[in-house]
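>>> Quick one, what's the 3D model for this:
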Amino acid sequence: MRRPLQTIKRQVFKPLAVSAFALTALLSPLMAKPVFAQSGGHLITMQDADIKAFIEDTSSITGKSFIVDPRVQGKVNIASEQRLSKNEVFQVFKEVMRVNNYTVIPTNSGEYRITLTQNAAQEAPLAFKNGVSGQLSTVILSLQNEDAAEAAKLIRPVVHAQGRLAANPGGRVVIITDFPENIAKARAIIAAIDQDKQQFETVQLSHLSALEAESALRTLQGARPDISIVAVPATNSIIMQGSRASLDKLRPVLSALDRPRSQQRSNVSIIPLRFADGENILNVLTTLLPGYTVEGAPAPSVALEVGSNSIIINALPEVQDAMAGIIRQLDERRPQVLVEALIVEISDRAARDLGVQLGVAGTNGSNIPLLTTNFSRNAPNLLALTGALAGPGLGLTDGIQGGLEDAAVSSLLGINGPTAGFASQGNDAIFSAIITAVETDTDSNILSTPFVTTLDNVPASLLVGQEIPITTGETLGATNINPFRSFERKDVGIKLDITPQISDDDTIRLEIKQEVSTIAGALSQASTLDPITNQRNIETTVLADDGEIIVLGGLLQDDDQISAEKVPLLGDVPVLGNLFRSRSRTRTKTNLMVFLRPTIIRSADDARPLTEYYLEQGRKLDLEQSGRDISKIDSILPKR
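Presented below is the predicted three-dimensional model:
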């Protein structure tokens, strides 16, 4: 006996082995329930049957397990005149669920979940072709020519009320979640509209310059052109690509522009330059002028108006046309190159010092001589300490005694690392010993990312650093009158000098000079002497593709230095010789690598994402360091 439906939170119906005779005998008296007969198939007849009973009996016949949403309830009516196979029973079952606003969703474990069609689209499985009959499925439809957003507008009317449709403007993909018959309709619509309507047409110009025609047509189309236009100056022709309707609109415009010019033209014409430097164009035209001289006519001349960056030509009309053609071919927007450098330097320096100092000195006029071992790299200085202690017993003057004491204090201030020692003073002698051990480990990780943007074939230079003074000479006059010292300034920091050249296949030739220099130690400490600078230079020429990262050079260095100081003979004695020697070991490992990536910028569309990227990096750094909610960059350059 079934539990009351109101007590069921979630029901799972699993297939049961029920004979056809038993099922028919049980269900025949109750026509409100389905009847399944299994003689050559299954015959379904039901009137006002409970939908959950229908689900349970379908599970028994098909062998499938169902997980039923608690919200699934109601009555169903079915009448079939033909016997159905198990698969046909399942198809009828899914259609009955759909009619009652429910859907059947397969799970990863092989079961089927029955839930409301509303909001079920997000759970629909990904399918191929048109999906599975009677079930919500998600299918990806690809387009070759049509814009996905425009295609979605035509597909939307055939999508089920609970279906889903997504498309990105300018893309070529439509994602649809729906029942198979609606997906098939969407696929048919796409097949009808996704046709290649683009056509090519070449227009030979007789009088109008191809570059002038290209400029006029691009201005006419505005910011969203529906035709691609390319000028071919070598043949003075225009190549257009677009729909037939769009080409038909532009063709009369070209015909109207491409007409013979009036023969009453002035001998002077002014050509404003768009991109080129006027000085360079003037030099080219001046070189070519002798070739355009016509016998019996005034010699042609050219001039530059700097304020408007315009070329003024004084010549016959045909000479003006020839020079104007040269100017238009040279006055092209040149691509730019963004060069990003990456300098990685990892350094590890380890040093170890171990030394023993011994000292014996006589006092109060005794005959004990002064004996000491002292090594220059160790502090404190045992000789200075012994002299300061023994000085009063030696009868030294106050000046000499004060000097010894000052030297001892300075020596003590120079202690670095653990130091142990002892001293003993009797009536006639002082005995002392000091043991020092120092170990230092210094790591550095330097990452520099300089970058610079420049025009094709135009040198660019970047310097981030400081100027430091370097002594070039000094003079002391007689009796030290009017002394002076002369300096020169030297740049220290990161320098990048680069000249890019772009080839036709977008291969970039780069002439590079990269320098990284630093001051060894603090500049204030080296102010009395000329500072020492560390230098890393690379000067080379490389080839790189657009956007390719290329290594310029590097250095892998492992420097291991061992030095020892000892007392002759005594320092060589086994074991006890350690008391009469000092050892030092320094190991430096340096890894230096320099990488570079050039990126070609041909238009504002290429430059915009790069600029936005670095602006966003600047905003993040400003917000992190300042703690403000709004970056100063946005107050100076507000977002548009």
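>>> ranges for the helices of the chain?
Using DSSP state H, the helices assigned to the chain run over residues 20-27, 51-62, 86-99, 148-155, 180-193, 210-221, 244-257, 278-288, 317-330, 382-394, 398-413, 604-626, 632-636.
>>> Show me what residue 229 bridges to in the sheet.
The partner list for residue 229 in beta bridges (DSSP bridges) reads residue 240.
>>> For it, give me its contacts.
214, 217-218, 221, 238-240 (Cβ atoms under 8 Å, 6 or more residues apart in numbering). C-beta here means a position set from N, CA and C on the backbone, and glycine is covered the same way.
>>> Rebuild the helices of the chain as a markdown table, extending it with distance to residue 133, mean pLDDT and mean neighbour count.
Shown next, in a markdown table, are the helices of the chain (distance: least, Cβ to Cβ, whole Å; pLDDT from 0 to 100; neighbours: other Cβ atoms under 10 Å):
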| stretch | distance to residue 133 | mean pLDDT | mean neighbour count |
| --- | --- | --- | --- |
| helix 20-27 | 26 | 36 | 13 |
| helix 51-62 | 14 | 84 | 20 |
| helix 86-99 | 6 | 82 | 17 |
| helix 148-155 | 20 | 87 | 17 |
| helix 180-193 | 5 | 86 | 17 |
| helix 210-221 | 48 | 83 | 17 |
| helix 244-257 | 42 | 85 | 13 |
| helix 278-288 | 71 | 93 | 14 |
| helix 317-330 | 64 | 86 | 17 |
| helix 382-394 | 99 | 56 | 20 |
| helix 398-413 | 92 | 55 | 14 |
| helix 604-626 | 46 | 88 | 12 |
| helix 632-636 | 55 | 83 | 12 |
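>>> so can I have CSV of the ones you listed showing distance to residue 78?
Below are the helices of the chain laid out as CSV (distance: least, Cβ to Cβ, whole Å):
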stretch, distance to residue 78
helix 20-27, 13
helix 51-62, 8
helix 86-99, 7
helix 148-155, 33
helix 180-193, 20
helix 210-221, 62
helix 244-257, 54
helix 278-288, 86
helix 317-330, 79
helix 382-394, 110
helix 398-413, 103
helix 604-626, 60
helix 632-636, 66
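>>> circling back to that earlier point, between which two of the contacts of residue 229 is the distance greatest?
221 and 239 (14.9 Å; Cβ to Cβ).
>>> about what we covered before: can you tell me which of the contacts of residue 229 lies nearest to residue 134?
residue 221 (49.7 Å).
>>> Please give me every residue in contact with the closest one.
227, 229.
>>> And for the one 4 residues further on?
Residues counted as contacts of residue 225 (Cβ under 8 Å, 6+ apart) are residue 218.
>>> Could I get the contacting residues of residue 152?
165-167, 174.
>>> Any of these buried? List them.
Among the contacts of residue 152, the ones that count as buried by 16 or more other Cβ atoms under 10 Å are 165, 167, 174.
>>> partner residues bridging the last one?
Under DSSP bridges, the beta-bridge partners of residue 174 are residue 141, residue 167.
>>> In this structure it contacts residue 193, no?
No - if you go by Cβ atoms under 8 Å, residue 174 and residue 193 don't touch, sitting 11.2 Å apart.
>>> Return the member of the contacts of residue 152 nearest to residue 293.
residue 167 (63.6 Å).
>>> so that closest one sits right up against residue 149, yeah?
Yes - applying Cβ under 8 Å, one finds residue 167 in contact with residue 149, separated by 5.0 Å.
>>> So which bits of stretch 583-597 are buried?
Judged by neighbour count (16+ other Cβ under 10 Å), stretch 583-597 contains these buried residues: 583-584, 590, 592, 594-597.
>>> Give me the lowest-pLDDT entry from these.
In terms of pLDDT, the weakest of these is residue 583, which scores 73.
>>> Which pLDDT value goes with the nearest residue in space to it that is not next to it in sequence?
Using Cβ to Cβ, 6 or more residues apart in numbering and skipping the chain neighbours, the partner closest in space to residue 583 is residue 564 (4.8 Å). pLDDT for residue 564: 73.
>>> ok, residue 564 to residue 588 distance?
19 Å (Cβ to Cβ, to the nearest Å).
>>> do residue 119 as well
66 Å.
>>> again with residue 248
76 Å.
>>> What of residue 102?
For residue 102, the distance to residue 588 equals 75 Å [Cβ to Cβ].
>>> tell me which helix or strand of this protein sits lowest on mean pLDDT?
helix 20-27 (a mean of 36; mean pLDDT, DSSP states H and E).
>>> Now for residue 174 and residue 193: what residues contact both?
Residues touching both residue 174 and residue 193 by Cβ under 8 Å, 6+ apart: residue 151.
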